[in-house]
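Visitor: have a look at this fold, sequence not included:
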Ligand SMILES: Cc1cc2nc3c(=O)[nH]c(=O)nc-3n(C[C@H](O)[C@H](O)[C@H](O)COP(=O)(O)OP(=O)(O)OC[C@H]3O[C@@H](n4cnc5c(N)ncnc54)[C@H](O)[C@@H]3O)c2cc1C
């Protein structure tokens, strides 16, 4: 079925942003869409295509040109992620995590030396970084991290386990940034710091890939650290600032995940409108039935709302305004809407919607994790409620 496009009109993007949208859309249509079903079925991480995304400059979009970046902003990155998410979520999350979780901690908290050492390859998409926050027993409660790092001379010795780490085991992975306990604060709370562990460091073991419900072409592994030694200079930012650092990383990441969800909802809208016009039942297009037509109307409303919340949050970020609540609202609304939208689109497609070769079927399987990763829906509601001043625990 040809892929229709329905534009959302609310935000005025710059000429550069609109040009970038077209470049990414064309790339997604020509280099990703024809192969995504196979990558999904074969659980293949398409390294060559990820490198091509690097050649387009996508991994460097929000970083300064001096590190090989594009000198643009989060809004522009969101546009690229949205366009990829419209076609395939695995490639969209590879970009989102590569930038937001891989390169961004180095950019935000690294010394000039660390930036120069790691960022050029990450910005160029020659390398990918992972961010190891989650552990088998510490996800939403990420402050409960049990991984330890102790200084031994001029090295950190790391022991522990991380779970579900995106981009951590690809052929291109150059590093994973982890949070670890580096001591106590005196008040009974752990001191948490952030440390860069280069890929291939002895004592770091990348576990076999998970068997996932979706995101089959995205790379996700558990990591174990056993007497893993890295230079003391691999500490990222100030010792003991790990908790504050990951909260900042997640705030930005939530806007980018919301953008991915916008792409998913747009996909559902476009696919449903086209199918409702062509599929015949009882001698007329199924879209002649109000039930089907109204489903499409609801998808259009969801797409607009999710898009408005997302780009408003990105704009607040890019213009230096507070954006914590807006990021949580965008992530909450857009990702829950994406799950609803994929279920509705699958319904519009009837039995064909349940077949793996149908795009909305893959989007349906892939969408669920959007409500979980980088903070579950419940955690977004907590963030919003606290920001409203409520004494919620
Ligand atoms: C495919 C995939 C990729 C991922 N990539 C990464 C990555 O790159 N890096 C990384 O660090 N992590 C990653 N994650 C981990 C992800 O961020 C966590 O799974 C998520 O934060 C939830 O943590 P958890 O799984 O431990 O669930 P839990 O924290 O155990 O939560 C279980 C349930 O309890 C609810 N809950 C918990 N606490 C509260 C509360 N206080 N109030 C209300 N409800 C609550 C949650 O909302 C959820 O519904 C990834 C996960 C997946 C599946």
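Guide: It's in. Computed from a predicted model, the values in this text were never measured in an experiment. Residues are numbered from 1 along each chain as shown.

Visitor: and the nearest residue to residue 260 once chain neighbours are set aside, what helix or strand is that in?
Guide: Once flanking residues are discounted, residue 260 sits nearest to residue 85: 4.0 Å by C-beta to C-beta, 6 or more residues apart in numbering. Bear in mind the C-beta positions are built from the backbone N, C-alpha and C, glycine included. For residue 85, the host element (DSSP states H and E) is helix 74-87.

Visitor: then residue 140?
Guide: Short version, using DSSP H and E: residue 140 is in no helix or strand.

Visitor: chain neighbours aside, what residue packs nearest to it?
Guide: That would be residue 379: by C-beta to C-beta, 6+ apart, it lies 5.3 Å from residue 140.

Visitor: what number of residues lie near the one you found?
Guide: 20 (other C-beta atoms under 10 Å).

Visitor: repeat for residue 219
Guide: 27.

Visitor: mind listing what the residue in the chain positioned nearest to the ligand touches?
Guide: Closest approach between the chain and the ligand, counting by C-beta to the nearest ligand atom: residue 139, at 1.7 Å. For residue 139, the contact set (C-beta atoms under 8 Å, 6 or more residues apart in numbering) comprises residue 163.

Visitor: with residue 44 instead?
Guide: So residue 44 contacts 38, 217 (C-beta under 8 Å, 6+ apart).

Visitor: count of neighbours near the residue lying closest to residue 293 once chain neighbours are set aside?
Guide: Distance criterion C-beta to C-beta, 6+ apart; nearest residue to residue 293, sequence neighbours excluded, is residue 287 at 5.3 Å. Counted with other C-beta under 10 Å, the neighbours of residue 287 add up to 20.

Visitor: can you pull the residues of the stretch 201-350 of the chain lying near the ligand?
Guide: Applying C-beta under 6 Å from any ligand atom, we find that the stretch 201-350 of the chain lies next to the ligand at 212, 215, 220.

Visitor: neighbours around the first one, how many?
Guide: Neighbours of residue 212 under the rule other C-beta under 10 Å: 15.

Visitor: can you check the last one too?
Guide: A count of neighbours around residue 220, defined by other C-beta under 10 Å, yields 23.

Visitor: wait, doesn't residue 314 sit right on residue 253?
Guide: No. The criterion here is C-beta atoms under 8 Å, and residue 314 misses it with residue 253 at 12.0 Å.

Visitor: could you look up the next helix or strand downstream of the helix or strand harbouring residue 258?
Guide: Element membership of residue 258, judged by DSSP H and E, is helix 242-278. Per DSSP H and E, helix 242-278 leads on to strand 280-281 as the next helix or strand towards the C-terminus.

Visitor: so where's the protein shaky on pLDDT?
Guide: Residue ranges of the chain with pLDDT under 70: 1-4, 6-10.

Visitor: for it, which segments count as helices?
Guide: Here the chain has its helices, by DSSP state H, at 15-27, 33-42, 47-55, 74-87, 89-97, 104-109, 112-123, 242-278, 290-318, 324-348, 359-367, 377-387.

Visitor: now the angle from the second one to helix 89-97?
Guide: Taking axes from the mean of the first three to the mean of the last three C-alpha atoms, to 10 degrees, helix 33-42 and helix 89-97 form an angle of 90 degrees between their directions.

Visitor: tell me what helix 33-42 is packed against?
Guide: helix 89-97, helix 359-367 (3 or more C-beta pairs under 8 Å, 6 or more residues apart in numbering; DSSP states H and E).

Visitor: ditto for the fourth one
Guide: In terms of contacts (3+ C-beta pairs under 8 Å, 6+ apart), helix 74-87 is packed against helix 15-27, helix 89-97, helix 242-278, helix 290-318.

Visitor: now do 10 Å
Guide: Using 3 or more C-beta pairs under 10 Å, 6 or more residues apart in numbering; DSSP states H and E as the contact test, the elements touching helix 74-87 are helix 15-27, helix 33-42, helix 89-97, helix 242-278, helix 290-318, helix 324-348, helix 359-367.

Visitor: most packed of these?
Guide: The highest mean neighbour count among these, using mean count of other C-beta atoms under 10 Å, belongs to helix 89-97: a mean of 29.

Visitor: got the buried residues for stretch 230-239?
Guide: 230, 234, 235, 236, 237, 239 (16 or more other C-beta atoms under 10 Å).

Visitor: backbone torsions only: list them for the residue nearest to residue 221 when sequence neighbours are not counted.
Guide: Of all residues beyond its chain neighbours, the one nearest residue 221 is residue 169 (4.1 Å), with distances taken as C-beta to C-beta, 6+ apart. As for residue 169, its main-chain torsions (degrees, to the nearest 10) stand at phi -130, psi 20.

Visitor: look up how far residue 178 lies from residue 169.
Guide: Look at residue 169 and residue 178: by C-beta to C-beta, to the nearest Å, they are 14 Å apart.

Visitor: looking at the helices and strands packed on helix 33-42, which is nearest to residue 191?
Guide: Nearest to residue 191, of all the helices and strands packed on helix 33-42, is helix 89-97, at 26.4 Å by C-beta to C-beta.

Visitor: one step back: between the residues of the stretch 201-350 of the chain next to the ligand, which is nearest residue 134?
Guide: Closest to residue 134, out of all of those and judged by C-beta to C-beta, is residue 220, at 10.6 Å.

Visitor: if we can go back for a sec, generate CSV for the helices and strands packed on helix 74-87, with distance to residue 57 as supplementary columns.
Guide: Listed next are those as CSV, based on distance: least, C-beta to C-beta, whole Å:
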stretch, distance to residue 57
helix 15-27, 9
helix 33-42, 20
helix 89-97, 11
helix 242-278, 16
helix 290-318, 18
helix 324-348, 24
helix 359-367, 25
